[in-house]
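# turn this into a structure:
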Amino acid sequence: MHDTGTNTSTRTRARTHTHVTPPLPPVVPPETAARARVDLYARWSGLAAGAAAAWAVATRDDGLGIGILYAIPAFGLCAVAGVLLGDALTPPPRGPVRSAGLTPRRARDYVPPRTTRLLAAQALALITLLVAAAAMAAPDDQGRAGRSLSATCQGMTETVGPWPGLFYGAPVLASLAIGTAACAWSLRRIARRPSEEQPRRDRALAITAAWGLLISTPLLGTTTFATGALLGLDCMGASGAAWFLIPVALSAASTMTWSLTTIVSPRAGRR
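Predicted coordinates for the structure are as follows:
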């Protein structure tokens with residue numbers, strides 16, 4: 001025998017089931033979409049110009065290792081320039097005049113706090129590493145200062161290179177100073193000019209990512225070259241210092257990946 005009551009109830013529930021249509025995504029105004037495209041194209045242009053500049057510098061290497069290390073700050077500066085260009089070419093949204101509070105807006109209110117603290121720590125680590133490397137550097141066999149590392153172990157003197165002394169570190173420090181000043185100025189401009197809150201935070205995030213690329217890229221290169229030089233020495237203490245730099249290099253690689261992802265795809269970097 002069939003339970004007709006159960007079948008009838010099942011058919012009734014099937015007939016009364018309604019399909020819920022998911023809500024449609026919000027419609028983006030054409031003007032807003034155009035501004036976003038201009039900004040994104042400028043960022044991509046900066047990355048492309050940075051890659052071209054880095055390749056041009058790297059291929060001019062004369063055997064001193066200058067090419068690859070000088071290519072790193074060249075790429076970072078071009079990436080920062082692309083983000084700043086996108087911000088400059090994107091006008092604030094036009095609309096009715098709105099009232100605002102009397103509390104002045106500050107740039108630090110719009111940057112991601114945890115990421116900014118991490119970048120500040122990495123910037124300090126980069127400066128500390130370059131200063132320490134400059135203090136430990138020695139001339140190479142051609143007398144060029146700040147290019148090699150020399151150590152005496154068990155009565156024998158070893159010299160290895162390339163070493164990130166001032167011969168390599170000076171352009172990195174110069175690009176970091178220039179890029180940091182430009183990013184700070186841009187963040188201040190973003191905080192003070194008229195705009196909606198979310199676009200202001202998105203643009204501040206892009207500037208933060210550009211600064212992160214300017215820091216993490218040379219930090220990764222510097223730690224990599226320094227680790228290779230230290231592992232080339234037979235001194236046990238030098239090898240220990242090299243292993244200490246590996247977590248710094250991994251942290252820089254992670255930050256560089258996030259920075260690139262945020263610049264290329266703004267939504268991916270939101271916290």
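
# how close does Glu197 get to Ala191?
According to Cβ to Cβ, to the nearest Å, Glu197 stands 11 Å off from Ala191. Using the backbone N, CA and C atoms, a C-beta is placed for each residue, glycine as well.

# who has more neighbours out of these two?
Remark: of Glu197 and Ala191, Ala191 carries more neighbours, 19 against 9, as counted by other Cβ atoms under 10 Å.

# touching, the more buried one and Ala204? I think so.
Yes - under the criterion of Cβ atoms under 8 Å, Ala191 makes contact with Ala204 at 7.5 Å.

# give me the common contacts of the two.
107, 110 (Cβ atoms under 8 Å, 6 or more residues apart in numbering).

# wasn't Val111 part of a helix?
No - applying DSSP: H, G, I helix; E, B strand; the rest coil, one finds Val111 to be coil, outside a helix.

# now the helices for the stretch 1-150 of the chain?
For the stretch 1-150 of the chain, the helices defined by DSSP state H, counting those that start in this stretch occupy 4-16, 30-58, 66-89, 113-136.

# least reliable of the ones you listed going by mean pLDDT?
Mean pLDDT is lowest for helix 4-16 out of those, coming in at a mean of 49.

# for the longest helix anywhere in the chain, the distance to its chain's centre please.
Looking across the chain with DSSP state H, the single longest helix is helix 197-231. Put simply, helix 197-231 sits 3 Å off its chain's centre (Cα atoms, centre = their mean, to the nearest Å).

# check stretch 164-173 too.
20 Å.

# ok, stretch 37-55 next?
Stretch 37-55 has its C-alpha centroid displaced from the chain centroid by 14 Å (Cα atoms, centre = their mean).

# again with stretch 36-47
16 Å.

# and what of stretch 154-164?
That offset, for stretch 154-164, works out to 33 Å (Cα atoms, centre = their mean).

# span of that stretch from start to end?
In terms of Cα to Cα, to the nearest Å, the two terminal residues of stretch 154-164 are separated by 25 Å.

# mind checking the pLDDT average for that stretch?
74.

# flag every buried residue along that stretch.
159-164 (16 or more other Cβ atoms under 10 Å).

# mind checking which of those residues land in strands?
159-160 (DSSP state E).

# reformat the buried residues of stretch 154-164 as JSON lines; add distance to Ser216.
Below are the buried residues of stretch 154-164 laid out as JSON lines (distance: Cβ to Cβ, whole Å):
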{"residue": "Thr159", "distance to Ser216": "30"}
{"residue": "Val160", "distance to Ser216": "25"}
{"residue": "Gly161", "distance to Ser216": "24"}
{"residue": "Pro162", "distance to Ser216": "20"}
{"residue": "Trp163", "distance to Ser216": "21"}
{"residue": "Pro164", "distance to Ser216": "15"}
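
# ok, the buried residues of stretch 154-164 vs Ala107, which is closest?
Pro164 (31.0 Å; Cβ to Cβ).

# quick check: chain neighbours aside, which residue is closest to Ser45?
Gly82 (5.4 Å; Cβ to Cβ, 6 or more residues apart in numbering).

# which ones are touching that neighbour?
Contacts for Gly82 (Cβ under 8 Å, 6+ apart) come out as 42-47, 49-50, 210, 263.

# in the longest helix of the chain, what counts as buried?
199-227, 229-230.

# which SSE is immediately downstream of that helix?
Downstream of helix 197-231, the first helix or strand assigned by DSSP states H and E is helix 236-264.

# could you check the angle that following helix makes with helix 113-136?
If you take axes from the mean of the first three to the mean of the last three Cα atoms, to 10 degrees, helix 236-264 sits at 140 degrees to helix 113-136.

# just checking, what packs against helix 236-264?
In terms of contacts (3 or more Cβ pairs under 8 Å, 6 or more residues apart in numbering; DSSP states H and E), helix 236-264 is packed against helix 30-58, helix 66-89, helix 113-136, helix 197-231.
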